[in-house]
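1. Quick one: sequence and predicted model below, then my questions.
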Amino acid sequence: MNHYYLISSIILTSRRYDAFGAYISIIKKHNIDINRHKHASMVAINRRSTTPLFRTITWISIVLCTSFLSFYIGIWIGIQTTTSTSSEDRVVHAPTLNNIYSDGDIQQKAEVLAKHMVSSQLDDLCKEHISSIDRDIRGTPTLFSKSIQHFAQGLVKVSKDDLMTTYDFGVPPNPNTKSYDALILYNKKDSLPSNKTISRAAQYKDPTQQSLPHISAKEATENCDTMNVVLTNNPGNTRQCLALVGGQYQSYHIQRWLRRRPDNKGKLDPSMPLKLTSKGYTANGKQEFVPPKEKHVKAHQKKLVTYLTEIDSIKANLREILKKISKQNTVVVLTCNQGQSELLMNFACSAHARGFDLSNLLVFSTDTETDELAKGIGLTSFYEEKLMASIPKKEAASYGDSVFTSVMFAKVLCVQLVNELGYDLLFQDADVVWYKNPLDYFHDKSLPQFDIYFQDDGSRAERYAPYSANSGFYFVRSNDKTKHFFRQFIYSSDLIDTWNSHQQVMIALLGEHSSVFGLSVKIFSKELEEFPGGVQFHRWKDAMKKLMKGESNAYIFHMSWTQNKDDKVEFFQQMGEWYLKDTCRSNARDVSHNDSSLLKECCSIEPIITCHYKDKPSKIPCPDSPLITEAGKPFFKAFTKANSSFW
């Protein structure tokens, strides 16, 4: 029996039962579309809550809607019945229902009326109730207004360390911010976490919740198809703002605006309007990223002409050498001039004393003297006079001077050529010593795969952001991205002369190529024991004591953060990492051998330890040595009878 017989059934049963009872019995008997209304109600409510409270309210709503309809239909039936039988005369003289309509007509009319009244009334009443529930839930304001919901739908917190562990951004983490959180902003509802409770909390201002949801990085990003990462801090401790502008073309670079003076000098001026500014502009008004001047451009063009003219023959010669010395398609590369040759000899001597095989190491010599010396200590040397003619022979007096800057071009050139020929390479400066072969570390298959790996320089100056990559020790995989990177580095080397820094130019290009080409860059944290350098030497006494006692996991030590070669030599001697005899130090620039006989003549099997400063790391106590800085403190604690150890 079709449920549209409802009215007819009510008429037939109304004389024996009350309207409410008749309505309920027919609803149960014919299973009228109340299920459809019930389902719609439950779906709408469950979208907002799954608590027992809302399930109870839903059922009460259905019962109330049903009762109200039953009541009104019962009254209507009663009125119709009373009217049709109010007097005998009316019954006699008025035409009967059967005389006017057939049974089929009555049934059809009843079906139409029932369908209209029951369906429309139930829809209206239940919709009104669902709407009231919706208003109660949605009455809680959203975190973001409609005007910005095109790019801001929700917000959660995640642990900064958890996020940077889950997704290795390559930058060195800050150990002083372990308790800090990061924010994840969702620009679509579909990108919100799957957990409905968290999803709602991320969208609405819940007065019962004290703060934003705090969840794991994995859960926070489970529905993110893309994720843009913005690394931000507050260099200079200025009153900094972060503007997020939606509805624009996507940008993968950050614009920087400062209240700077018209002459671009001095500290920031709060009275000035915000102006677009280079990231190299410090809070003190120093501009560290300036375009090259004409003199720098002309000098650079001259080098490039020679490079581009000779490149084919250079590659041909170099290719034959690399075929002979490479192992696992990898070589170790460094460059050296005559002024730094003592450091080169010490590296070779220390490696020989520890039994390392340097047959896959290639020295790019910048002069004939260094070329002969490298061969004399058993190293493979590559020298191209035309390319290296502009490189000074003497040592740099200090970091960043003209000699230092000129040698930096050779550092770019040697890496670019080897990388272009398809070889992975480890580049290092001459002021490095090995404790374990670092290639074993980079050839470990468990190492996360990046295009380039760098030692952490340790400096957090703005001009080195965001990587702080040390340009004196890094490993490069040869692929299309790294080849393009180093080609661009060669073409941009006029900036080295302008900025007096090979490192600064490299880091600026790393950021650009990471954004544009997806070059993956990994900086080993300075807290990592494997690759210590100048920052540990000058600042981390405990790390250096561990290294001095042979308890460290270090693969190498890089004497970075040092003013000049003389300081490097003294520090190495005090650390017990100097293996070059004094007789070869004075004659190093005049020695000319074509075999490895210099290793026996010039190298000591045991380290030659000499004290220089008692406030710098040393293998042995140096209590009688002077302080190198007035505020310095002795590396070793004072020896007393009660304290039988200097450590």
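-> Here it is on my side, so go on.
2. Give me the helices and strands touching the strand or helix carrying Ala348, please.
-> Here Ala348, judged by DSSP states H and E, is contained in helix 341-353. Helix 341-353 is packed against strand 330-336, helix 368-376, strand 432-434, helix 565-575, helix 597-602, with contacts defined by 3 or more C-beta pairs under 8 Å, 6 or more residues apart in numbering; DSSP states H and E. (Each C-beta comes from the backbone N, C-alpha and C, glycine too.)
3. immediately after that helix, which helix or strand?
-> strand 361-365.
4. which stretches of the stretch 401-550 of the chain have low pLDDT?
-> Across the stretch 401-550 of the chain, the ranges flagged by pLDDT under 70 are 401-402.
5. mind redoing it with 80?
-> The model of the stretch 401-550 of the chain has pLDDT under 80 over residues 401-406.
6. Which parts of it are strands?
-> Secondary structure of the stretch 401-550 of the chain by DSSP state E, counting those that start in this stretch: the strands cover 424-428, 432-434, 452-456, 469-476, 521-524.
7. how about the ones you listed, which one is nearest Lys160?
-> Nearest of the strands of the stretch 401-550 of the chain to Lys160, taken as C-beta to C-beta: strand 521-524 at 16.5 Å.
8. Could you list the buried residues of the closest one?
-> Going by neighbour count (16 or more other C-beta atoms under 10 Å), the buried part of strand 521-524 is 521-524.
9. Now do that strand: which elements does it pack against?
-> Strand 521-524 makes packing contacts with strand 452-456 when contacts are defined by 3+ C-beta pairs under 8 Å, 6+ apart.
10. Check which helices and strands the strand it packs on is in contact with.
-> Judged by 3+ C-beta pairs under 8 Å, 6+ apart, strand 452-456 is in contact with strand 469-476, strand 521-524.
11. hey, where'd the strands end up in the stretch 151-300 of the chain?
-> Listed in chain order, the strands of the stretch 151-300 of the chain (DSSP E, counting those that start in this stretch) span residues 154-159, 181-186, 256-258, 275-277.
12. Need the ones you listed in CSV (columns: distance to Phe364 and mean neighbour count).
-> Output for the strands of the stretch 151-300 of the chain, formatted as CSV (distance: least, C-beta to C-beta, whole Å; neighbours: other C-beta atoms under 10 Å):
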stretch, distance to Phe364, mean neighbour count
strand 154-159, 45, 20
strand 181-186, 43, 19
strand 256-258, 37, 16
strand 275-277, 38, 13
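13. Kindly reformat those as TSV containing mean pLDDT.
-> Output for the strands of the stretch 151-300 of the chain, formatted as TSV (pLDDT from 0 to 100):
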stretch	mean pLDDT
strand 154-159	97
strand 181-186	97
strand 256-258	93
strand 275-277	92
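14. Indicate which one of the strands of the stretch 401-550 of the chain is closest to Ala299.
-> If you check each of the strands of the stretch 401-550 of the chain against Ala299 by C-beta to C-beta, strand 469-476 wins as the nearest, at 20.5 Å.
15. Parallel or antiparallel, list what pairs with that closest one.
-> Next to strand 469-476 in the sheet, as set by DSSP bridges, lie strand 424-428 (antiparallel), strand 452-456 (antiparallel).
16. Highest mean neighbour count out of the ones you listed?
-> strand 452-456 (a mean of 26; mean count of other C-beta atoms under 10 Å).
17. Could you list the domains of the protein?
-> Residue ranges for each domain of the chain read 3-138, 146-229, 294-602, 616-647, as given by automatic domain parsing.
18. Arrange the buried residues of strand 521-524 in TSV, one row each, with distance to Ala389 as further columns.
-> TSV is the format used below for those (distance: C-beta to C-beta, whole Å):
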residue	distance to Ala389
Val521	33
Lys522	36
Ile523	35
Phe524	36
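19. buried set for the helix or strand harbouring Asp312?
-> Assessed by DSSP H and E, Asp312 sits inside helix 294-325. For helix 294-325, a neighbour-count test (16+ other C-beta under 10 Å) marks 296, 299-300, 303, 306-307, 314, 318, 321-322, 325 as buried.
20. Show the average pLDDT along it.
-> The average pLDDT within helix 294-325 is 94.
21. now that helix, how far from the centre of its chain.
-> 35 Å (C-alpha atoms, centre = their mean, to the nearest Å).
22. tilt between it and strand 361-365?
-> 150 degrees (axes from the mean of the first three to the mean of the last three C-alpha atoms, to 10 degrees).
23. What's the end-to-end length of stretch 525-541?
-> 17 Å (C-alpha to C-alpha, to the nearest Å).
24. So what's the gap between it and the chain middle?
-> The chain centre lies 23 Å from the centre of stretch 525-541; the measure is C-alpha atoms, centre = their mean.
25. ranking the helices and strands packed on helix 341-353 by burial, who's on top?
-> With neighbours taken as mean count of other C-beta under 10 Å, those reach their highest mean count in strand 330-336, at a mean of 25.
26. on contacts alone, who are the packing partners of it?
-> So strand 330-336, by 3+ C-beta pairs under 8 Å, 6+ apart, packs with helix 341-353, strand 361-365, helix 402-420, strand 424-428, helix 438-442.
27. Between helix 368-376 and it, find me the angle.
-> Angle, strand 330-336 to helix 368-376, by the same axes, to 10 degrees: 140 degrees.
28. Looking at strand 330-336 now, give me its mean pLDDT.
-> Throughout strand 330-336, pLDDT has a mean value of 97.
29. Going forward, count from 459.
-> Yep, numbering from 459; the last one is strand 788-794 now.
30. Return the distance of it from the chain's centre.
-> That offset, for strand 788-794, works out to 30 Å (C-alpha atoms, centre = their mean).
31. next one: stretch 932-951 to chain centre, how far?
-> Chain-centre distance of stretch 932-951: 21 Å, with C-alpha atoms, centre = their mean.
32. Just the residues contacting that stretch, thanks.
-> Stretch 932-951 is contacted by residues 758, 761-762, 765, 787, 866-867, 870-871, 873-874, 877-885, 896, 900, 908-913, 963-964, 967-968, 971, 975-977 when judged by C-beta atoms under 8 Å, 6 or more residues apart in numbering.
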